Structure formats: structure tokens, C-alpha cells
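S.K.: coordinates only, no sequence provided:
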């Protein structure tokens, strides 16, 4: 739902929108202190969008291992992660599209020892260690995404997070969204001006409220597949890029 902010000083019988007549002190409140206006000021907030087919997908892949000691857990993790990275490169992922995003070793605690005296309650014992290593991957060939995931699981990856579909060069799509947002703002300003018995004289200011592309929810999975499992199907669909704009108009009789 799009939000609309309107300010003016008209009677309720003329139009139901809230309007505010410009004055030097009030102009500062509407973030246009340098603009002098003798008419009525109308502020309109709109958004525009454009759709594109994504051309890249990002995801994270990693290995979680455990051991009785930190060294044992890390050693097992390093061996498995080397196989995962080797598999990614063999699948066509370039070095520039691989980046370590998480590397850590944490203790694994057992059950806490309880006593009848609360003050004597013992801290839980450390029964082992867990090592985690994760890489962030940029997949440029979307038709191979499912095959790459299958390859990773075969290589030993047991933690996969994604995909996050994107448009790598989004400037053109965002510019289209901005034009759509401005067209909506002008149309809406003309509507309110007409309803108030006024007309649009000029634009006083334009503020972009931020542009973004909504991303699909990330799906976390611990991968467990046998060698006979088929590659997971992946549908990229379309993503919508959005631009928000706030435009201030001067209205005159």
C-alpha cells in the first residue's frame, strides 16, 4: 500500500486532504526553507516499480563439524571445506565470486550439574567443540544452480542458505521505477489540485526516499542427500525493483 502525505489550508468542504498554506516558519518544517511560495503547498509521496528477470543468485554454503577437542573439530572442518571449495571451482564458480563469511569454533556444553544448594550449582561441562566454516557464493549461471547445490552436498557441505536472486546491473530498472514514481506524483497532484479548485503551478522539491528490490525469504537447510538424489529444482521468476519519491508542489487558483 502506498502512503500519501498531503498538506494545505483549505476548508473540509473543498477537499478531504490535509493542506497547509506556506509561510516562512512553516516552510522550514516541510524541509524547503529556501523556497518562497505564495500559493498552497501540496506534498505527495509515491512509489514506482519495475520488474526484471534475475541474472545472478547468491547463497552461502558451509560445513559444520564436531570433535572432542577444538583442534579435532577444526581439522575435520578444514578437510571438508577444502573439498567444498574445490567442488565450487570445478562447477565454474570464479575465485572473485567466493568469499568466506563465517569461521568459528565454539564449545559444546553438556548438562548442568545441579545441587540442593543453588549457590553450589556447577557450570555445565564442555563435552566437545563445534567448528563452522561458511562461504558466500555468487552464482552467475542460474540454470546450473540446482546442479551446483547437488555438487556441494556430494562434496560434504551440510549447511546451505539461499538462494537470494538479484539483478546485477539494476540501474536501468531503478531509473524506470523512478520515472514511474514521478509520473504517479504528477498525476496525483493534478487530481488533488482539481478537487480543491486549484491547479499545479510548479514543483518545489523532489526527495528520493530510497530504492530497493524486495528479496525472497532465505531458506535455511541442513542438506542430507544420497548419491541417487536428483538436483533440486530452482525457479528464478521475476523480482520487482522499487523507488520511492516525495514531491512538493505549489498550487495556485
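M.R.: Now that the structure is in, tell me what you want to look at. What you see is a predicted model; the values in this text were computed from it and never measured.
S.K.: in the stretch 101-250 of the chain, where is pLDDT below threshold?
M.R.: For the stretch 101-250 of the chain, applying pLDDT under 70 flags the ranges 113-121, 210-232.
S.K.: can you give me the strands in it?
M.R.: Secondary structure of the stretch 101-250 of the chain by DSSP state E, counting those that start in this stretch: the strands cover 126-139, 159-166, 199-212, 220-221, 239-252.
S.K.: neighbours of residue 177, how many?
M.R.: By other CB atoms under 10 Å, the residues close to residue 177 number 25. Bear in mind the C-beta positions are built from the backbone N, C-alpha and C, glycine included.
S.K.: what's the burial count for the closest residue to it other than its chain neighbours?
M.R.: Spatial nearest neighbour of residue 177, chain neighbours left out: residue 243 (3.9 Å); criterion: CB to CB, 6 or more residues apart in numbering. Close neighbours of residue 243, defined as other CB under 10 Å, add up to 24.
S.K.: and residue 243, what does it touch?
M.R.: Residue 243 sits next to 47-49, 174, 177-178, 180-181, 208, 210-211 when contact means CB atoms under 8 Å, 6 or more residues apart in numbering.
S.K.: remind me, longest helix of the chain?
M.R.: helix 171-195 (DSSP state H).
S.K.: that one: which residues count as buried?
M.R.: For helix 171-195, a neighbour-count test (16 or more other CB atoms under 10 Å) marks 173-174, 176-178, 180-182, 184-186, 188-189, 192-193 as buried.
S.K.: how about the strands of the stretch 101-250 of the chain in TSV, adding distance to residue 145?
M.R.: Below are the strands of the stretch 101-250 of the chain laid out as TSV (distance: least, CB to CB, whole Å):
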stretch	distance to residue 145
strand 126-139	5
strand 159-166	6
strand 199-212	23
strand 220-221	14
strand 239-252	15
